[in-house]
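Student: here is a sequence together with a model predicted from it:
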Protein chains: 2
Amino acid sequence: MRPLFHPAVEDIRPEAILHALSDPDRAAIFLKVAGAGMVEACSAVGTVGDRVIPKSSLSSHFKVLREAGLIHSERHGVEMRNTVRCDEVNARFPGLLAAIMDAYGRCGR
Amino acid sequence: MRPLFHPAVEDIRPEAILHALSDPDRAAIFLKVAGAGMVEACSAVGTVGDRVIPKSSLSSHFKVLREAGLIHSERHGVEMRNTVRCDEVNARFPGLLAAIMDAYGRCGR
DNA sequence: TCCCATAGTTCGGAATCTCGGAACTAACGA
DNA sequence: TCGTTAGTTCCGAGATTCCGAACTATGGGA
């Protein structure tokens, strides 16, 4: 289990953020983590809508979000604590996250 | 050559926009069309940075942008006139396009 | 009218990405 | 030490992407 990679703020790329959030499941996961302030990955997220997300898929979704610079993951005992990096992302790309989440918010959900 | 498909404003989906613009080449193309107000596809775009984009790739990039609802394409004689649909997209997802293009702008480009 | 040139689309195959089940690893508790 | 829980890695099947080659549509001569 190799150590988790987190990009530095200045290495966060717009295309990585857009790609990460262009998947509605990942956007929903990101929203859950943001809403909870801090969430344990698999156990707490587990489903999106009424669909169960297999944990291998969940794991890779978290990886994409992490490597895009959107969340920070830290192992705490047996579980993973995930926190959003909104402040850092907002500092680098002001208004981007808000606009994206607002767009998803307007569109059904 | 089947007729070009353009989604109605209310059918434009955030994930499609994010996916379309998560490719830096496509974002650059969109920016060129937006900057020119109206641009002929292949002949006018042709390259991104110093790389030449093959016309089959260009064609599919335009298709992705079009089907995401970001541009409108209309055949005019032998060439294609492309216009951005910023007003419509802005009406549906206020601030989204501006935030995305601003993010790319801050990041080298 | 026929042919050519130009602008774009479609086709097809190789390379890359994605999904998810199965097996594996890490950390804790009894 | 063994079992349980949480998450990662591996890998095969299917979906996407890329780009050259072939094709189609339109307009302009001769």
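Tutor: Thanks, I have it. All of these numbers come straight from a predicted model, not from anything done at the bench.
Student: around DNA strand C, pick out the residues from chain A.
Tutor: Residues of chain A lying close to DNA strand C (C-beta under 7 Å from any atom of the strand) are A:1, A:19, A:23, A:25, A:53-57, A:60-61, A:64, A:75, A:77-78. Where you see a C-beta, it was placed from the backbone N, CA and C, and this is true even at glycine.
Student: which ones among these lie within helices?
Tutor: When those are checked against helices (DSSP state H), the matches are A:His19, A:Asp25, A:Lys55, A:Ser56, A:Ser57, A:Ser60, A:His61, A:Val64.
Student: ok, of the residues you listed, which come out buried?
Tutor: Among these, those that count as buried by neighbour count (16 or more other C-beta atoms under 10 Å in any protein chain shown) are A:His19, A:Asp25, A:His61, A:Val64.
Student: what's the closest of those to A:Pro94?
Tutor: Nearest to A:Pro94 among those is A:His19, at 19.9 Å by C-beta to C-beta.
Student: and the closest one, how far from B:Ser22?
Tutor: Distance of A:His19 to B:Ser22, computed by C-beta to C-beta, to the nearest Å: 4 Å.
Student: ok so, going back, could you dump the buried ones among the ones in helices among the residues of chain A next to DNA strand C into CSV and include pLDDT?
Tutor: Output for those, formatted as CSV (pLDDT from 0 to 100):
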residue, pLDDT
A:His19, 98
A:Asp25, 96
A:His61, 97
A:Val64, 98
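Student: any chance of a markdown table for these, columns distance to B:Asp102?
Tutor: Converted to a markdown table, those look like this (distance: C-beta to C-beta, whole Å):
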| residue | distance to B:Asp102 |
| --- | --- |
| A:His19 | 18 |
| A:Asp25 | 26 |
| A:His61 | 26 |
| A:Val64 | 23 |
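Student: many thanks, we can stop here.
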